[in-house]
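>>> Below are the sequence and a predicted model; questions follow.
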Amino acid sequence: MNRLAETHLPTKWGIFNMVAYQGPANDMPHLAMVSQDFDAAKAVVVRIHSECLTGDLFGSVRCDCGEQLDKALEVTSKCGGVVLYLRQEGRGIGLINKMKAYNLQDTGLNTVDANTHLGFEPDERSYEIAIKILQDLGIKNIHLLTNNPEKLHAFDNAAVTVKSRMPIIIQPKEENENYLQVKQEQMGHLLDMKIVTEKKAEK
(Lines give C-alpha, C1' and ligand atoms only; values in the text may rest on other atoms or scores of the structure.)
Protein backbone atom coordinates (compact mmCIF):
# COMPACT_ATOMS: atom_id res chain seq x y z
CA MET A 1 0.00 0.00 0.00
CA ASN A 2 1.72 3.17 -1.23
CA ARG A 3 0.96 6.67 0.03
CA LEU A 4 0.73 8.76 -3.15
CA ALA A 5 -0.16 12.26 -1.98
CA GLU A 6 -1.83 14.22 0.79
CA THR A 7 -3.39 17.64 1.07
CA HIS A 8 -5.19 19.95 3.47
CA LEU A 9 -8.93 19.91 2.69
CA PRO A 10 -11.46 22.25 4.34
CA THR A 11 -15.00 20.87 3.94
CA LYS A 12 -18.52 21.73 5.07
CA TRP A 13 -18.07 19.23 7.91
CA GLY A 14 -14.67 20.51 9.05
CA ILE A 15 -11.01 20.43 8.13
CA PHE A 16 -9.45 17.16 7.01
CA ASN A 17 -6.13 15.95 5.71
CA MET A 18 -6.87 13.89 2.58
CA VAL A 19 -4.37 11.09 1.99
CA ALA A 20 -4.38 9.03 -1.21
CA TYR A 21 -3.19 5.41 -1.32
CA GLN A 22 -2.71 2.88 -4.10
CA GLY A 23 -2.35 -0.86 -3.80
CA PRO A 24 -0.38 -3.35 -5.93
CA ALA A 25 -3.27 -3.71 -8.39
CA ASN A 26 -2.82 -0.05 -9.42
CA ASP A 27 -6.54 0.49 -9.09
CA MET A 28 -8.13 3.85 -8.40
CA PRO A 29 -6.60 5.45 -5.30
CA HIS A 30 -8.25 4.84 -1.95
CA LEU A 31 -8.62 7.86 0.31
CA ALA A 32 -8.23 8.54 4.01
CA MET A 33 -10.03 11.62 5.31
CA VAL A 34 -8.16 12.38 8.54
CA SER A 35 -9.70 14.96 10.86
CA GLN A 36 -7.47 17.84 11.99
CA ASP A 37 -7.87 16.73 15.64
CA PHE A 38 -6.67 13.21 14.86
CA ASP A 39 -4.49 11.54 17.51
CA ALA A 40 -3.22 8.04 16.67
CA ALA A 41 -2.22 7.47 20.30
CA LYS A 42 -5.89 7.25 21.25
CA ALA A 43 -8.65 4.92 20.09
CA VAL A 44 -9.83 6.60 16.88
CA VAL A 45 -13.38 6.72 15.51
CA VAL A 46 -13.15 5.17 12.04
CA ARG A 47 -15.66 4.75 9.24
CA ILE A 48 -14.79 2.37 6.38
CA HIS A 49 -16.92 3.55 3.47
CA SER A 50 -17.01 1.79 0.12
CA GLU A 51 -17.51 4.03 -2.89
CA CYS A 52 -21.09 4.46 -4.08
CA LEU A 53 -21.06 6.91 -6.98
CA THR A 54 -24.83 6.92 -7.33
CA GLY A 55 -25.45 7.64 -3.66
CA ASP A 56 -22.36 9.61 -2.66
CA LEU A 57 -22.28 11.96 -5.66
CA PHE A 58 -25.71 11.90 -7.31
CA GLY A 59 -27.86 11.58 -4.18
CA SER A 60 -29.58 8.31 -5.10
CA VAL A 61 -32.09 7.14 -2.49
CA ARG A 62 -32.08 3.53 -3.69
CA CYS A 63 -29.56 3.07 -0.87
CA ASP A 64 -28.49 5.02 2.22
CA CYS A 65 -24.80 5.24 1.26
CA GLY A 66 -24.62 8.97 0.59
CA GLU A 67 -26.35 9.78 3.87
CA GLN A 68 -24.03 7.41 5.72
CA LEU A 69 -21.00 9.14 4.22
CA ASP A 70 -22.34 12.57 5.21
CA LYS A 71 -22.99 11.37 8.75
CA ALA A 72 -19.58 9.72 9.02
CA LEU A 73 -17.75 12.87 7.91
CA GLU A 74 -19.79 14.92 10.37
CA VAL A 75 -19.06 12.56 13.28
CA THR A 76 -15.35 12.07 12.55
CA SER A 77 -14.82 15.80 12.08
CA LYS A 78 -16.14 16.43 15.58
CA CYS A 79 -14.11 13.73 17.35
CA GLY A 80 -10.79 13.58 15.52
CA GLY A 81 -11.73 10.51 13.52
CA VAL A 82 -10.95 9.06 10.11
CA VAL A 83 -13.10 8.12 7.12
CA LEU A 84 -11.56 5.58 4.74
CA TYR A 85 -13.05 5.84 1.26
CA LEU A 86 -12.41 2.55 -0.53
CA ARG A 87 -12.94 2.21 -4.27
CA GLN A 88 -15.16 -0.85 -4.03
CA GLU A 89 -18.20 0.33 -5.98
CA GLY A 90 -21.32 -1.80 -5.82
CA ARG A 91 -20.05 -4.02 -2.98
CA GLY A 92 -17.01 -4.75 -5.12
CA ILE A 93 -18.68 -5.58 -8.46
CA GLY A 94 -18.08 -2.18 -10.09
CA LEU A 95 -20.38 0.55 -11.39
CA ILE A 96 -21.49 -1.15 -14.62
CA ASN A 97 -22.46 -4.37 -12.88
CA LYS A 98 -24.19 -2.38 -10.15
CA MET A 99 -26.29 -0.67 -12.83
CA LYS A 100 -27.16 -4.10 -14.25
CA ALA A 101 -28.09 -5.24 -10.75
CA TYR A 102 -30.35 -2.20 -10.38
CA ASN A 103 -32.16 -3.21 -13.58
CA LEU A 104 -32.68 -6.70 -12.17
CA GLN A 105 -34.00 -5.20 -8.94
CA ASP A 106 -36.52 -3.26 -11.00
CA THR A 107 -37.89 -6.61 -12.23
CA GLY A 108 -38.42 -7.83 -8.66
CA LEU A 109 -35.10 -9.31 -7.50
CA ASN A 110 -33.66 -8.04 -4.25
CA THR A 111 -30.12 -6.67 -3.94
CA VAL A 112 -28.63 -10.03 -2.90
CA ASP A 113 -30.37 -12.08 -5.62
CA ALA A 114 -29.47 -9.52 -8.28
CA ASN A 115 -25.76 -9.82 -7.48
CA THR A 116 -25.81 -13.63 -7.45
CA HIS A 117 -27.84 -13.66 -10.71
CA LEU A 118 -24.93 -11.77 -12.29
CA GLY A 119 -22.48 -14.39 -11.02
CA PHE A 120 -21.13 -12.53 -7.98
CA GLU A 121 -21.23 -13.11 -4.25
CA PRO A 122 -23.71 -10.91 -2.39
CA ASP A 123 -20.71 -8.90 -1.16
CA GLU A 124 -17.35 -9.02 -2.98
CA ARG A 125 -15.54 -6.45 -0.82
CA SER A 126 -12.31 -6.90 1.12
CA TYR A 127 -11.17 -4.81 4.07
CA GLU A 128 -7.47 -5.73 4.13
CA ILE A 129 -6.78 -2.43 2.35
CA ALA A 130 -8.45 -0.54 5.18
CA ILE A 131 -6.33 -2.29 7.82
CA LYS A 132 -3.12 -1.47 5.92
CA ILE A 133 -4.10 2.19 5.64
CA LEU A 134 -4.89 2.37 9.35
CA GLN A 135 -1.50 0.87 10.11
CA ASP A 136 0.21 3.41 7.86
CA LEU A 137 -1.57 6.16 9.81
CA GLY A 138 -0.21 4.68 13.03
CA ILE A 139 -3.62 3.66 14.34
CA LYS A 140 -3.74 0.64 16.67
CA ASN A 141 -7.17 0.97 18.33
CA ILE A 142 -10.46 2.07 16.81
CA HIS A 143 -14.11 2.65 17.50
CA LEU A 144 -15.66 1.33 14.28
CA LEU A 145 -18.60 3.29 12.88
CA THR A 146 -20.60 0.55 11.13
CA ASN A 147 -23.71 -1.61 11.00
CA ASN A 148 -21.96 -4.34 9.00
CA PRO A 149 -20.71 -7.38 11.00
CA GLU A 150 -18.36 -8.35 8.14
CA LYS A 151 -16.34 -5.20 8.81
CA LEU A 152 -16.05 -6.19 12.46
CA HIS A 153 -14.95 -9.73 11.54
CA ALA A 154 -12.26 -8.31 9.23
CA PHE A 155 -10.40 -7.17 12.35
CA ASP A 156 -10.58 -10.50 14.20
CA ASN A 157 -6.86 -11.26 13.81
CA ALA A 158 -5.64 -7.89 12.64
CA ALA A 159 -2.93 -5.64 14.07
CA VAL A 160 -5.65 -3.01 14.61
CA THR A 161 -8.06 -3.66 17.49
CA VAL A 162 -11.76 -2.72 17.47
CA LYS A 163 -12.55 -1.35 20.94
CA SER A 164 -16.23 -0.80 20.20
CA ARG A 165 -18.83 -0.58 17.45
CA MET A 166 -20.67 2.67 16.87
CA PRO A 167 -23.95 2.32 14.94
CA ILE A 168 -24.64 4.59 12.00
CA ILE A 169 -28.40 4.69 11.60
CA ILE A 170 -30.11 6.52 8.74
CA GLN A 171 -33.88 6.92 8.67
CA PRO A 172 -35.25 4.67 5.89
CA LYS A 173 -37.05 6.19 2.92
CA GLU A 174 -39.84 4.62 0.89
CA GLU A 175 -37.38 4.01 -1.96
CA ASN A 176 -34.82 2.11 0.15
CA GLU A 177 -36.76 0.48 2.99
CA ASN A 178 -36.88 -2.93 1.25
CA TYR A 179 -33.16 -2.63 0.45
CA LEU A 180 -32.37 -2.00 4.12
CA GLN A 181 -34.59 -4.86 5.24
CA VAL A 182 -32.67 -7.24 2.95
CA LYS A 183 -29.40 -5.97 4.41
CA GLN A 184 -30.71 -6.73 7.88
CA GLU A 185 -32.44 -10.06 7.23
CA GLN A 186 -30.13 -11.66 4.63
CA MET A 187 -26.77 -9.97 5.23
CA GLY A 188 -26.94 -9.62 9.00
CA HIS A 189 -26.54 -5.85 9.16
CA LEU A 190 -27.19 -4.51 12.64
CA LEU A 191 -30.28 -2.44 11.92
CA ASP A 192 -33.65 -2.40 13.68
CA MET A 193 -36.05 -2.24 10.75
CA LYS A 194 -38.78 -3.96 12.78
CA ILE A 195 -39.05 -1.00 15.12
CA VAL A 196 -39.05 1.44 12.21
CA THR A 197 -41.79 -0.52 10.44
CA GLU A 198 -43.89 -0.69 13.62
CA LYS A 199 -43.59 3.05 14.16
CA LYS A 200 -44.73 3.71 10.58
CA ALA A 201 -47.71 1.40 11.08
CA GLU A 202 -48.76 3.34 14.20
CA LYS A 203 -49.03 6.64 12.29
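Received it, and whenever you're ready, just let me know what you need.
>>> tell me which element the residue nearest the centre of the chain is part of?
In the chain, the centroid-proximal residue (C-alpha atoms, centre = their mean) is His49; its distance is 2.5 Å. His49 is part of strand 44-50, with elements assigned from DSSP states H and E.
>>> Work out the gap between that strand and the centre of the chain.
Chain-centre distance of strand 44-50: 7 Å, with C-alpha atoms, centre = their mean, to the nearest Å.
>>> which ones are touching the residue nearest to the centre of the chain?
65, 68-69, 72, 83-86 (C-beta atoms under 8 Å, 6 or more residues apart in numbering). To be clear about C-beta, it is placed using only N, CA and C from the backbone, and glycine gets the same treatment.
>>> Compare those and tell me which is most surrounded.
Ala72 (26 neighbours; other C-beta atoms under 10 Å).
>>> Wasn't it part of a helix?
Yes - assessed by DSSP: H, G, I helix; E, B strand; the rest coil, Ala72 belongs to a helix.
>>> What's opposite Leu144 in the beta bridge?
Val46, Arg165 (DSSP bridges).
>>> My guess is it contacts Pro167. True?
No - using C-beta atoms under 8 Å, Leu144 makes no contact with Pro167, being 10.2 Å away.
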